[in-house]
Structures are given as C-alpha cells and as structure tokens.
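Peer 1: Using only what follows, build the 3D model:
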Amino acid sequence: MAYTSLVTDLPVNGKKYKFFDLTALKDDRYEKLPISIRYLLESAVRYCDDFHVKKADVETILNWQEMQTAQAEIPFKPARVILQDFTGVPAIVDLAAMRDAVQHMGADPAKINPVCPVDLVIDHSVQVDAYGSLDALAKNQSIEFERNKERFNFLKWGSKAFDNLLIVPPGSGIVHQVNLEYLARTVFADKDGVLYPDSVVGTDSHTTMIDGCGVLGWGVGGIEAEAVMLGQPISMVIPEVIGYELTGHLPSVTTSTDLVLTITQNLRELGVVGKFVEFFGAGVASLSIADRATIANMCPEYGATVGFFPVDARTIDYLRQTGRDEEVIARTEAYLKANHLFVDYSDVNFRPNYTKVLKLDLGTIVPCVSGPKRPHDRVDLDKLHAEFKEGLGAKVSFKGFGLKPDELPKTVKLSVDGQETELQHGSVVISAITSCTNTSNPSVMLAAGLVARKALAAGLKVPPFVKTSLSPGSGVVTKYLEASGLLPDLQKLGYHIAGYGCMTCIGNSGPLHDAVSAAIEDNNLVVSGVLSGNRNFEGRIHPLVRANYLASPPLVVVYGLAGNVNKDIFNEPIGHGTDGKAVYFKDVWPTREEIAEIEEKYVLPQFFKEVYATVELGSPDWQKLETPQAKLYPWDQSSTYIKKVPFFETMTRELPKQGSIENAYVLLNVGDSVTTDHISPAGSISKTSPAARFLASKGLTPRDFNTYGARRGNDEIMARGTFANIRLVNKLASKVGPQTTHVPSGQELDIYDAAERYQKEGHPVIILAGKEYGCGSSRDWAAKGPYLQGVKAVIAESFERIHRSNLIGMGIVPLQFTAGQNADSLGLTGKEQFSIDLPDTLKAADILKVKASNGTTFDVLCRFDTEVELTYYRNGGILQYMIRKLIQ
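Peer 2: Okay, the predicted model is just below:
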C-alpha cells in the first residue's frame, strides 16, 4: 500500500489501535475539505495500491476545491453493502447465476463471493392485509411467511453459501431503521485493529438515511452493488458539495417532517442531482439524530447523492442511547477526533469550503404536507384544502385530476361493515403511520400517540371508510409506545400494529374494503391517502388512490380523524365528540414540550438492547427453514419465485461486438418524471396483465400472485411486469395504462406483448423520454426489465443518477437530448425509426448523431460519464465485466 507511512497508533482505554492519519499528510487543503470529502479521501488513502486506486486519485480528492467542477473520475470503496429483500433476492439470484457461468467457463465458482460485509434486511414482503385489530400483526406475518417461504428459503441458502452475508430475518423492522439503530458501525475495526470510517452503499435509494448519524452512505443500483460486493470500486465523478447552514430552532407546532419537506422543496429548486449536501450550523445542534436521519432519508427526493451530517457529541450520545458497546463508542470518538472528522456544530469557526452555501432559519418552518403525486411538491397545511379542490377540475398534471364539472360535487353513500357512511372526492381511505422516514423518530411517533390520546378524550372516532395501520420500523417503537401507554390510545382509533416492514410506503397497502373500492371505481372518485412515507408517485401507494400526501405521523392521525383532505384543517372542526361538541386541530395537537417530556422518560437504551439481542435469530418459522448445503444453487425449473437469470447464458471469455443501433422502433414515448415505479412496479399484479396471464398458465390463482416486488427473483414475471403501471402515460397509447402501439402493424398492445413481437421480428427498440427519467427508487429491474424487452438505448432530457447507472450496468446506452431539445421540439412522434452511430472509438461524454426515418437528424450527449462505465458497456454490462475480471 502506498500510504503505510501514515499508519499511526491510537491508544484507547488501554487498547492499541491503528489508523491512517490524514493530518499526517501535512497538507493545508485537508482542513478546508468538507467532512464528506474527507471520507472519500480516507478510503482512497487506505486502499491506494497504484493499481485499483492510484496516488493521482488521492491528489484529485485533496485538490477538491479545483477539481469539483472538472468532471474528474475517482474510485471509492465503501466499507460495506446493505440490501433489502426486494433487491436482495435478485442480487443473490445474480450471484448464484454468475457462479454457474464461471463453472461453465471452467473456472472456480467460489471466485464469486462477497469480499466486504453485506447486510440484508428482509423488510419489504409484509402487506397490510389484516388491519384494525389486535391480531393484525400475527395475521399479516403468517400470510407473509406463507406467500414468501420459497424466497426466504433462498435467502437463507445464500447466507450459508456466500461469505460475509448477514441476514436480518423478516419481522425485525425496516432496513434503514435497523441500519440506524443496529447495523451502523460508525467506525470499523478490522482484524488487525486498524480503524476506518463506516461507509455504505445500498440497493435502496433511502440508504442515505444513515448519513444522519455520520455514516457516509447512498443508494446504488442492485447491479452496481453486486460489483462492489465482489471487490470492484465505485467509479464516480468527484462531487460538488452544497453546504446547508441551519440556524435557530423549530417552532412548537412543527415537526421534523415539516422541516424535511421544506428542505426537499428548497433543494429541488436549487438542483442538486449528483451533488453532496452537507449540513452545518448551530441549528443542527438542536436536532436529534432521529431528526437528522429524517432529513437524510429524503435525500433521493431532493435529488442529491447524500445529505450528510458529520458526527458530533450528540451522535455519540445516540450510539449510547441505542445500546452500542462502550468500548466501541470510545474508540469511535477517539478515532474521529484524531482524524479531524468530528465536529462541534455550535462552533462558528467550523466552516469548510463548500461549492455553495444555502441558509435556513428553522424558526420559519410551518406545518405542511407534500403531494398529491410527487414528494417534492410541498403544500402549506392551511392551503391544502383549497389546492386539492382546485386540482380536481384542473387538467391532468402533477397537481390536477381532470374531472368534468358535473363530476365535482359527487357524494356516494355506502355501508362499511354495517356502518352507513359517505365517500367524496378527497376522502381519506388510507391513513398509514409507515416508513423508515418517520417511524425511526421517537418524537413524531410519540406525537401521534398523544394526538390519539387527546382525540379519544374529546370523543372522536375514525370514519369507517378509513383504512388505518401502524407499521413501525423496529420493535423498539413498540417498546416505548407500550411503556408510555400510548399504544392502546392508537389502537382504540384503529392504528393497530400491522407489521414491521416497509408496507404502505412501498405499495404494500393491501386491499381496501370491497364497498369502498366499488364506490371509488363506479363513481370515478379522487380519494386520498395520508401516510408518513417518503414516496407518493402515481399508482405506488394503491392503484385506486390518486391523491397521496406525505405527512408527519401526528398529521396522519389528524387526517384519519378528519376523513377528508378537502377540509380547512385549522378553521373547520376535524370532528365532533360524542357530546356533539366541535373538536379542532388545536384541541388535539401536542406541544414540543409535551413530546420531549415523554421521550425523555420512555425512550430507553434497554429497549434497543432487548430488541436487537436476538434480532438475527428470527422467528420460529424462520429457524425451521431447511436449506440445501451447496455452493451452487439447485434451481427448481417449476418455481415461479426463483429462476436463474438469462443474462450470462451465451457469455464467453471474449468481449462481445458492440455496434451501432440501426432502424430501431420506439417502444415508449413518455414525458417528464417517469419513475422506476412506472417502469418496474413493486405493488400488486393486475389480474389482466401479462404477468398475471403467465402465473395463471402455471396454475396459480390471483390470491397467490403476490406482488411484483416479491417476484423479482423470476425474470419471466419481471419482464412481463416492466412498464406495467396502470398510471403510465405513453404518447404511443390511446389511454393511460401499460399499452403501446406496435408501429409496423399499428396495433395497440400490452407493452410486453409489443416488445416480444419486435424481438421476434428482429427489430431493436429504444425509449424516448423527458426530464428526470428513472427518478424514484433505486430499482435494478427498471433496467433489467427493459433489457429483456430488447431496449438498446434510452434518449431522455435528463436521467436520475442511480437509474442511469443501472442502464449502463445492463448494457443499455443512456443518451441525453442537447439543452433545449426534446422529442416534441424536434417534431418526433415516436412512430419513426431511429439509427444511432456508436463508433468503436466512443469516449465518455461524446456527442453522437441520431437519424430518424422522417429525415430529422439531431445530436445527443452520450451519458457514459467515465471510462469505467464505457468498459462495462463494452463487456455487455457490469456483471459480465466482473466475471471476466475474476476468472482472468
């Protein structure tokens, strides 16, 4: 290693550790670097071998001030990888298939093995099927295990077949909350006693939540994560770093959720895609680690790579509060201080050089929500009712629903479990306390409980059409809600624990009451969901719920009681008590002082220790699972859950020939903000979809279809589920939904059927798109699915960072219209054929020519941003590159 001279002893409480002392570089530039950039530097110094990581890379990072706008490429090797089961299953399927491919080429399959710690939390499988009763949790967990036993069995096999793979079994909590409370190391110690910062990449975009406790982490595509597991550094462009200075204190009526929704809107307006955001200033000191984690969690929604909070004294207190070992805490603090990675937010002199600085006075934050279709569309709470009403008749857009005038005043009477009630536009049919964003934060969870307590005292009830649920991110939440006596108050309003997992936020909201569903469908009602989540894209939460608002947990309960978002929440009663007396928002809303008093008393270190002492053991059902003792997985050809992917079937040791794209048809022509939920939905499988037809052909009934997320281990289903979102707007289809025009015949078909026909005819296909193509979850099947449908390139106005990486990982070419141009401005309908010149001399960021059959020729920017990405493409994808590299 090139920098062994920097290795220094660090004695801590009688034990001797070692570390790479960055201050020993004796370089004045170090002290001016943002803390997040210092983490990148430490990794480069520690791994520098002048082969994978060169001294020139170290110099590039040290010279960040000059290089931040130079598009300079650097390698980064994170300390570990984290997965959840929706992404973990396909990752392990890929690794198992890679082992088969390596053996087929005559090499040792054991070469395919993780070389860094890999943590996999099973949290995405549980749905809100049962709700509103004490036995909802047990019922949902039982259904989860029945539906997903084959997947769980496969994951358990993986934990034995591969080194360094830790499984946190189902029923334990949400991946990012478990990461924050348990898995995060903050500082690692290797077997030789060398200390280094914890850093992590994860196959979920909200991996950034861990940045709230000073662990540098972000989301990557599953394909890229698999390469990292196998020892490949991440190739990244050294980022600009936006400094976000926080001052003051939050007002009494506001929550950390209101703060993060405001920050999300502000940073979206600035534009921070591909950049780091680092928080500093005295205002940060007033925020708990849970508050900081809430802000860091929604980093994908504001578009940055990370939203980083360096470690301070409050972080150390949090490690202690969550039951971390005292020896670990001591060496963590000593190491970070010795390497100048520890900060004091109240120190006015602490101000590294940043690319740009934003300021926010916490005292200006007001109660708000975000929606109805995007997480960065913030709405002040006092304006929500008016905006919703205006949107009903407005043309279809991110705020509008396109209803006709005669549809606006509609009221539908119905009976729900023997109770007569009414549904209108805006009726809240889903009220869900869900998601790692908020359930990791005791202050807002306790606030929800206090709202419930005050509402009960006032004689309020939740209307019968509201589906209520509580899905905590870990068992710790249950412990402190029980200890404080607030859990029974929530339960009396219907907020029973439905499970420990992602649930409603990922789209596992489960079915609505049959009468409610019928009323919505038969009357074209625009009903609403209010959830404490981080995503509300169209079709994600529930296919029948068109307006979805992200809100704090106490607001979730308030709107559950109010029953409609079309209500002036501050001036109209949210309900009437049993005595007929009007009850207002101010009557049920707790003060920050009330919340802080309960939090101080009931959120105790012992709860964290009790919950996590046995978390890796799992339930009796998990322990009973029997898995094959084999390094190569024995694939079951009849399985509809686990199938060997076809990506490596025809692979050879030699590089494939990559040529230009000739006479390609357009599979889809879409607009702005097409999300990975549109491209590869995670929710329920429609009974009329190609995936449903495939499952039915295997003898399955709709009850056993499960979700697309749970089926990600089977490429046959996922290829059919690509672009299967019922809210997809495709300019090549006559209506909203998963259809397109097969251009040669003029027939309108399901997108999968059209893609299959193009492939049989030997025609390549491309996609035309607008801005922010692939925004949302870091979903590798949003690239794998199009690959299997024959997509060769995507031409978009702009790409979401992770999705662009995933496309490259699958050998799909990302191309970007030049500034000011798009398909519409060029007069393209999508019914033309396109030829794209891809020369053998192709370089990163080249400008390429595209010729359309209508005579139009235009330039596009090739979005291979680094030479490493070009290398992946020339290999046919990143995993093919890794196989060839490992068997050399």
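Peer 1: Tell me the pLDDT of the residue most central in space within the chain.
Peer 2: The centre of the chain sits closest to residue 205, judged by CA atoms, centre = their mean, with a distance of 3.3 Å. pLDDT for residue 205: 87.
Peer 1: likewise residue 703?
Peer 2: Residue 703 carries a pLDDT value of 87.
Peer 1: ok, now residue 642?
Peer 2: 96.
Peer 1: quick one: it from residue 807, how far?
Peer 2: 25 Å (CB to CB, to the nearest Å). In short, each C-beta sits where N, CA and C put it, glycine included.
Peer 1: If you count surrounding residues, which of these two has more?
Peer 2: Set residue 642 next to residue 807 and count neighbours by other CB atoms under 10 Å: residue 807 wins out with 28 against 22.
Peer 1: which ones are touching that one?
Peer 2: Each residue near residue 807 by CB atoms under 8 Å, 6 or more residues apart in numbering is listed here: 774, 783, 786, 794, 799, 813, 814.
Peer 1: and if we set it to 10 Å?
Peer 2: Listed by CB atoms under 10 Å, 6 or more residues apart in numbering, the contact partners of residue 807 are 221, 223, 767, 773-774, 782-783, 786-787, 791, 793-794, 796, 799, 813-814, 863, 873.
Peer 1: in a strand, that's where it is, yeah?
Peer 2: No. Per DSSP: H, G, I helix; E, B strand; the rest coil, residue 807 lies outside any strand segment and is helix.
Peer 1: can you give me the helices for the stretch 1-150 of the chain?
Peer 2: With DSSP state H, counting those that start in this stretch as the criterion, the stretch 1-150 of the chain has helices at 35-47, 55-62, 64-67, 85-104, 136-161.
Peer 1: Distance to residue 262 for these - can I get that in TSV?
Peer 2: Formatted as TSV, the helices of the stretch 1-150 of the chain follow (distance: least, CB to CB, whole Å):
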stretch	distance to residue 262
helix 35-47	22
helix 55-62	32
helix 64-67	29
helix 85-104	30
helix 136-161	34
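Peer 1: among those, which is nearest residue 737?
Peer 2: Closest of the helices of the stretch 1-150 of the chain to residue 737 is helix 85-104, at 23.6 Å (criterion: CB to CB).
Peer 1: Only the buried residues of that closest one, if you could.
Peer 2: Neighbour counts over helix 85-104 (16 or more other CB atoms under 10 Å) mark 85-103 as buried.
Peer 1: Quick one: mean pLDDT over it.
Peer 2: Average pLDDT, helix 85-104: 94.
Peer 1: in the stretch 651-800 of the chain, which spans are strands?
Peer 2: Remark: strands assigned in the stretch 651-800 of the chain by DSSP state E, counting those that start in this stretch are 661-669, 739-742, 747-750, 765-768, 791-796.
Peer 1: Could you dump those strands into TSV and include distance to residue 590, mean neighbour count and mean pLDDT?
Peer 2: Output for the strands of the stretch 651-800 of the chain, formatted as TSV (distance: least, CB to CB, whole Å; neighbours: other CB atoms under 10 Å; pLDDT from 0 to 100):
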stretch	distance to residue 590	mean neighbour count	mean pLDDT
strand 661-669	48	22	98
strand 739-742	49	23	98
strand 747-750	50	16	98
strand 765-768	49	26	98
strand 791-796	46	25	98
